[in-house]
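Q: This is a predicted model, with the sequence first.
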Amino acid sequence: MTAIRQRKKGSTVPRPHPDHGTLPAPLVDRFGRVHTDLRVSLTDRCNLRCTYCMPAEGLDWLPRPDVLTDDEVVRLVRLATERFGITQVRLTGGEPLLRRGLPGLVARLAALDAAPELSMTTNGIGLARSAAALREAGLDRVNVSLDTLRADRYAEITRRDRIGDVLEGLRAARDAGLAPVKINAVPVRGVNDDEIVDLTAFALEHGYRMRFIESMPLDAQGAWDRDRMVTAAEILDLLRERYDLNPVERRNNAPAEEWRIGATDARVGVIASVTRPFCGACDRVRLTADGQLRTCLFATDESDLRALLRNGADDQALEAAWRTSLAGKGPGHAIGSAGFRRPERPMSAIGG
Ligand code: SAM
Ligand code: SF4
């Protein structure tokens with residue numbers, strides 16, 4: 001067994017590489033932020049059409065040859081873990097469960113010498129069928145998106161009548177030992193903001209961890225309206241009417257602020273990307289399904305790693321491109337300011 005395989009999955013303690021003996025050199029940007037979290041989009045396609053994300057007709061999906069192959073994804077993740085000390089990898093999309101052969105890809109990522117902690121963000125459709133295989137392959141955790149408990153409302157928000165599949169998927173994820181199972185909800189004023197307490201109670205009852213996300217101007221239609229965003233402060237006011245909330249000390253760079261409910265271990269989290277941005281502590285870098293490296297959800301430029309990969313670049317050239325891209329990372333998004341520009345790609349094509 002190699003030195004790196006002995007490392008606890010996702011551990012931040014760097015170990016020398018067994019072949020060349022070098023330590024990973026962290027990805028540090030000009031603001032001193034160390035990047036340890038990589039979000040990998042596996043597809044831009046989706047089987048839902050959430051109204052705050054994309055239009056009813058869907059989007060012009062990437063042509064299949066443009067999407068990174070499993071070999072290409074594994075190579076870039078290997079590079080990120082070995083050379084930069086990336087310890088957390090989240091698989092996302094579009095809908096990552098639509099990726100063919102996903103358990104096989106997960107198994108390859110989990111078998112890397114410097115295996116990262118592996119999580120996934122999914123809408124949960126099809127999770128009931130795949131949760132056990134994904135856990136077996138080495139997936140550690142899962143976040144499932146669910147904005148409402150009402151079937152009719154779910155169909156309105158997602159434009160698909162699939163709430164039963166999501167609820168089954170949640171149960172299967174929990175039973176498979178993907179822990180913790182988190183539920184992501186995006187409250188929108190006048191749509192589902194009256195369910196903030198109900199969703200939390202549901203999560204508590206079933207052993208899931210509830211997280212609310214402020215809606216962001218990243219929908220494909222450009223219809224985001226700040227007045228319809230439910231702020232973290234409003235979410236917390238509603239929760240406090242029902243629960244005694246005790247702040248949990250924030251884990252380094254975690255985007256979610258978390259509260260313990262009463263004297264229990266149960267938690268609820270809020271991701272206040274708009275009203276309380278955490279850009280100053282950002283430790284994330286993103287890879288789109290077509291192999292573009294992005295230093296921020298709101299970045300307006302990308303680095304084309306796929307072109308390098310397909311032109312035969314060696315690991316050193318890929319590392320150099322990655323580091324150059326990071327060096328250009330901006331201080332943070334400027335939602336709400338006059339200079340704010342939406343990125344060209346919507347959230348679903350970047351990887352949320
Ligand atoms: N399809 C998967 C899902 O829905 O979980 C993964 C991709 S989705 C883009 C990732 C997360 O982004 C989901 O929790 C979704 O609710 C959230 N999301 C999508 N559009 C958003 C927006 N405009 N503002 C805030 N969150 C958004
Ligand atoms: Fe699909 Fe996720 Fe966007 Fe909903 S939020 S349309 S499930 S990518």
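A: Structure received. Ligands and ions are numbered 1, 2, ... in the order given.

Q: What residues does the stretch 51-200 of the chain have near ligand 1?
A: Residues of the stretch 51-200 of the chain lying close to ligand 1 (Cβ under 6 Å from any ligand atom) are 52-53, 92-93, 95, 121-123, 145, 184, 186. All C-beta atoms are positioned from the backbone trio N, CA, C, and that covers glycine.

Q: Sort out for me which of those are in strands.
A: When DSSP state E is applied, these are split such that 92, 121-122, 145, 184 fall in strands.

Q: Using CSV, lay out the residues of the stretch 51-200 of the chain next to ligand 1 together with neighbour count, distance to residue 243 and pLDDT.
A: Output for those, formatted as CSV (neighbours: other Cβ atoms under 10 Å; distance: Cβ to Cβ, whole Å; pLDDT from 0 to 100):
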residue, neighbour count, distance to residue 243, pLDDT
52, 21, 26, 94
53, 23, 29, 96
92, 23, 29, 98
93, 25, 32, 96
95, 22, 32, 98
121, 21, 25, 98
122, 26, 27, 98
123, 27, 27, 98
145, 23, 22, 98
184, 20, 19, 98
186, 22, 20, 98
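
Q: which ones among those residues come in contact with ligand 2?
A: The residues of those that also fall near ligand 2, by Cβ under 6 Å from any ligand atom, are 53, 93, 95, 123, 145.

Q: Can you lay out these as TSV showing distance to residue 262?
A: Formatted as TSV, these follow (distance: Cβ to Cβ, whole Å):
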residue	distance to residue 262
53	34
93	36
95	35
123	30
145	26
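
Q: can I assume residue 331 sits in a helix?
A: No - Residue 331: not assigned to a helix; according to DSSP: H, G, I helix; E, B strand; the rest coil it is coil.

Q: give me every residue that touches the residue of the chain found nearest ligand 1.
A: Residue of the chain nearest ligand 1, by Cβ to the nearest ligand atom: residue 352 (2.7 Å). Taking Cβ atoms under 8 Å, 6 or more residues apart in numbering, we find residue 352 in contact with 92-93, 121, 218, 297.

Q: what's the closest of these to ligand 2?
A: Nearest to ligand 2 out of these is residue 93 (Cβ to the nearest ligand atom; 5.9 Å).

Q: And the pLDDT at the closest residue in space to residue 55 that isn't next to it in sequence?
A: Distances taken as Cβ to Cβ, 6 or more residues apart in numbering place residue 221 nearest to residue 55, at 5.0 Å, with adjacent residues excluded. Residue 221 carries a pLDDT value of 92.

Q: repeat for residue 67
A: Note for residue 67: predicted pLDDT of 98.

Q: Please identify the helix or strand for the nearest residue to it once chain neighbours are set aside.
A: Leaving aside its chain neighbours, residue 67 sits nearest to residue 289 (5.0 Å; criterion: Cβ to Cβ, 6+ apart). Using DSSP states H and E, residue 289 falls within no helix or strand.

Q: Kindly state the beta-bridge partners for residue 258.
A: Beta-bridge pairing of residue 258 under DSSP bridges involves residue 269.

Q: next one: residue 287
A: When assigned by DSSP bridges, residue 287 has beta-bridge partners residue 40, residue 293.

Q: how close does it sit to residue 218?
A: Remark: distance between residue 287 and residue 218 (Cβ to Cβ, to the nearest Å) = 17 Å.

Q: neighbour count winner among those two?
A: Between residue 287 and residue 218, counting by other Cβ atoms under 10 Å, residue 287 is the more crowded of the two (28 against 22).

Q: wait, doesn't the more buried one sit right on residue 37?
A: No - using Cβ atoms under 8 Å as the test, residue 287 is too far from residue 37 to be in contact (11.6 Å).

Q: So what's the residue count around residue 208?
A: Other residues close to residue 208 by other Cβ under 10 Å number 23.

Q: typo on my end, it should be residue 138
A: A total of 18 residues lie near residue 138 under the criterion other Cβ under 10 Å.

Q: for it, what are its contacts?
A: If you count contacts by Cβ under 8 Å, 6+ apart, residue 138 has them with 106-107, 109-111, 115, 118.

Q: please redo it, this time with the cut-off set to 6 Å
A: 106-107, 110 (Cβ atoms under 6 Å, 6 or more residues apart in numbering).

Q: With residue 89 instead?
A: 38, 77, 116, 118.

Q: mind running it again at 7 Å?
A: With contacts defined as Cβ atoms under 7 Å, 6 or more residues apart in numbering, residue 89 is in contact with 38, 40, 77, 109, 116, 118.

Q: How about residue 230?
A: Residues near residue 230 by Cβ under 7 Å, 6+ apart: 187-189, 193.

Q: With residue 219 instead?
A: Counting by Cβ under 7 Å, 6+ apart, residue 219 has contacts 52-54, 346.

Q: how about the helices in the stretch 101-250 of the chain?
A: Secondary structure of the stretch 101-250 of the chain, counting by DSSP state H, counting those that start in this stretch: helices at 102-110, 127-137, 151-158, 163-176, 196-206, 232-242.

Q: Which of these sits closest to residue 306?
A: helix 102-110 (16.5 Å; Cβ to Cβ).
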